[in-house]
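**Q** Just need the structure, nothing else, for what follows:
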Amino acid sequence: MFQICRKKTSLRSLQTFSCNLTLRGHQGPVMSVAFNADATVLATASYDRTAKLWRVEDGVCLQTIAGHRILAQHNI
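**A** So this is what the prediction gives:
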């Protein structure tokens, strides 16, 4: 389970709901998260116009991808 709070993302235990890992590094609110197939890497996307890849085991930022100009908008 994960929790998004402004500029950080916290990974929490499903059994205890305790915080296992907090990822900090975005300069704007995090708007999206996704795990890879084996849940070893977490991708986060932020309103700061960056995406980051994080190693779940220890929270190390593996890569920062920057440069998109337009945020996706969904019409409902």
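**Q** Please work out how many residues are found near residue 37.
**A** Residues lying near residue 37 (other CB atoms under 10 Å) number 6. Yep, even glycine has a C-beta here, placed from its N, CA and C like the rest.
**Q** Same question for the one 5 residues further on.
**A** As a burial measure, the neighbour count of residue 42 was computed by other CB under 10 Å and equals 21.
**Q** now the one 10 residues further on
**A** Here the number of neighbours of residue 52 (other CB under 10 Å) works out to 21.
**Q** moving C-terminal of whichever strand or helix holds it, what's the next helix or strand?
**A** Taking DSSP states H and E as the criterion, residue 52 maps to strand 50-55. The helix or strand immediately downstream of strand 50-55 is strand 61-66, counting by DSSP H and E.
**Q** Quick check: the gap between the spatially closest residue to residue 48 that is not a sequence neighbour and residue 37.
**A** Once flanking residues are discounted, residue 48 sits nearest to residue 28: 3.4 Å by CB to CB, 6 or more residues apart in numbering. Going from residue 28 to residue 37 by CB to CB, to the nearest Å gives 28 Å.
**Q** just residue 49 next, same as before
**A** Residue 49 is 26 Å from residue 37, where distance means CB to CB.
**Q** Low-confidence ranges, this structure, go.
**A** Flagging of the chain using pLDDT under 70 yields the residue ranges 1-14, 17-20, 68-76.
**Q** Which residue ranges of the chain form strands?
**A** 2-5, 8-12, 19-24, 30-35, 41-46, 50-55, 61-66 (DSSP state E).
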